[in-house]
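1. below: sequence and its predicted model.
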Amino acid sequence: MHVHTKGVSKCSCVSVEEAVDLKMADGYDGFVLTNHCQSFYYPEREHGKYIERVIDEYKRAKDYGMLKGFKVFLGLEVSIHDPFYSDWLLYGATEEFLRDTPCLYKLNQRELYKVCQDGGVLLVQAHAYRSNLTYCDDMRPGYPDSLDGLEINCTPRDFDTREKILATAKEMGKFVVCGTDYHAPDGRVKGGTFLPRTLRTAKEIADYLRKIEKTELFFGKENISVKTFLKN
């Protein structure tokens, strides 16, 4: 549910081909490609050009995945600074949605949520409670009325926050997904979200998450399945 590749995300050191091969080797059937959309990467005037790079990278990953029998879905991770720095995973985005929307990192949380709602896209806060960042004090949860869900992230620095995220999601009445924030071969950790094999598009993922009462997650070396009690 949270993968970056180096053709777009400068912080990643894996190509789309390597990402597909390594995730397949770890037993995955697919991933959502959530490359970065943030002010650190490009100026606002280059937003359209940058989005085309995002889409081209996704198409390349999807085509390679099809050859391997592996599903790749279009997504995005948007970083905003209002009301504070936070990262957001977009599920259900289409190529048309990405091309037609304004520079997303310029929006505040409520504006971003409205754009996503209008486009049928789910807005999920990535790795809430992540701390010890050089560019922000913390990553507390955003406005409850302007988000759809929260992510449990399986990277070592984030996994200890899982109980806080579950408690926050329960309090807010939001769903939870699990992802790995995958960037590098040496950062391979097990974790994810079980989805029906019949899903074929990012929009179908969003529709599924929107209607179900529980999400089924797995994480850790034991590959334990965890059913959450959370709903929209």
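-> Looks like it arrived, so ask away. Numbers count the residues shown, from 1 in each chain.
2. could you point out the longest strand of the protein?
-> strand 71-80 (DSSP state E).
3. ends of stretch 172-185, how far apart?
-> 35 Å (Cα to Cα, to the nearest Å).
4. let me fix that: stretch 21-39
-> End to end - Cα to Cα - stretch 21-39 spans 30 Å.
5. strands along this protein, start to end?
-> Using DSSP E, strands in the chain cover 30-33, 36-37, 71-80, 86-91, 122-125, 149-153, 175-179, 191-193, 216-219, 224-227.
6. and those strands: which comes nearest Asn108?
-> When the strands of the chain are compared by Cβ to Cβ, strand 71-80 sits nearest Asn108, at 6.5 Å. Quick note: C-beta positions are derived from backbone N, CA and C, even for glycine.
7. quick one: distance of the longest strand of the chain to the chain centre.
-> 5 Å (Cα atoms, centre = their mean, to the nearest Å).
8. name the residues of stretch 40-47 that are buried.
-> For stretch 40-47, the neighbour count (16 or more other Cβ atoms under 10 Å) marks 41-42, 47 as buried.
9. got it, and stretch 182-189?
-> Buried, per 16+ other Cβ under 10 Å, within stretch 182-189: 182-183, 189.
10. now the end-to-end length of it.
-> 8 Å.
11. tell me the mean pLDDT over it?
-> Averaged across stretch 182-189, pLDDT comes to 77.
12. low-confidence ranges in the chain?
-> 132-138, 187-188, 220-232 (pLDDT under 70).
13. any idea which residue sits dead centre in it?
-> Nearest to the geometric centre of the chain sits Leu89, at 3.7 Å (Cα atoms, centre = their mean).
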